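next input, structure requested:
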Amino acid sequence: QVQLVESGGGLVQAGGSLRLSCAASGRTFSVYGMGWFRQAPGKEREIVAAISRSGGRTHYADSVKGRFTISGDSAKNTVYLQMNSLKPEDTAVYYCATARYSSIGYYTRDYEYDYWGQGTQVTVSS
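The predicted model follows:
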């Protein structure tokens, strides 16, 4: 059984930083790519960042480029999202997910992922 457990969300002031973690079990990061998505109230879920298996390639949404960094630790089977220079518009529930496919690429569409974490709230105050 695949389980993803996110942690690290919280309340932070604009300009601050948070680091999200996603610990996976039942599916290894060295075989399957992973991604971080977010969903704000009244909005559709969107990709934030994606990473290929073992971390060789990464992708970022334009809105977070230069501020967020996705990384992974194969030994711990954990993926991280370091979020710096946070803005109020970053406020959302953040979800990690593991890809359906074990290829060398990364994936940016939510239907390309089949297991999801429970989500962690990130709130950025102005």
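
what is the burial count for residue 61?
16 (other CB atoms under 10 Å). (Glycine included, C-beta is placed from N, CA and C.)

quick one: residues contacting it.
46-49 (CB atoms under 8 Å, 6 or more residues apart in numbering).

name only those of those residues that count as buried.
Neighbour-count burial (16 or more other CB atoms under 10 Å) applied to those gives 47-49.

out of the residues you listed, which one sits closest to residue 9?
Nearest to residue 9 out of these is residue 48 (CB to CB; 12.9 Å).

tell me the secondary structure of that closest one, please.
strand (DSSP: H, G, I helix; E, B strand; the rest coil).

where's it relative to residue 72, distance?
Counting by CB to CB, to the nearest Å, the separation of residue 48 from residue 72 is 15 Å.

please apply the same query to residue 3.
Distance of residue 3 to residue 72, given as CB to CB: 17 Å.

contacting residues for the residue sitting nearest the centre point of the chain?
Among the residues of the chain, the one closest to the centroid is residue 36, at 2.1 Å (CA atoms, centre = their mean). Residues in contact with residue 36 (CB under 8 Å, 6+ apart) are 20, 22, 47-50, 70, 79, 81, 94-97.

can you select the buried ones from those residues in PyMOL?
Buried subset of the contacts of residue 36, written as a PyMOL selection, criterion 16+ other CB under 10 Å:
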select buried, resi 20+22+47+48+49+50+70+79+81+94+95+96+97
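
show me which of the contacts of residue 36 is closest to residue 103.
Here the nearest of the contacts of residue 36 to residue 103, counting by CB to CB, is residue 50; it sits at 12.5 Å.

residues in contact with the closest one?
The contact partners of residue 50, taken as CB under 8 Å, 6+ apart, are 33-36, 58-59, 70, 106-108.
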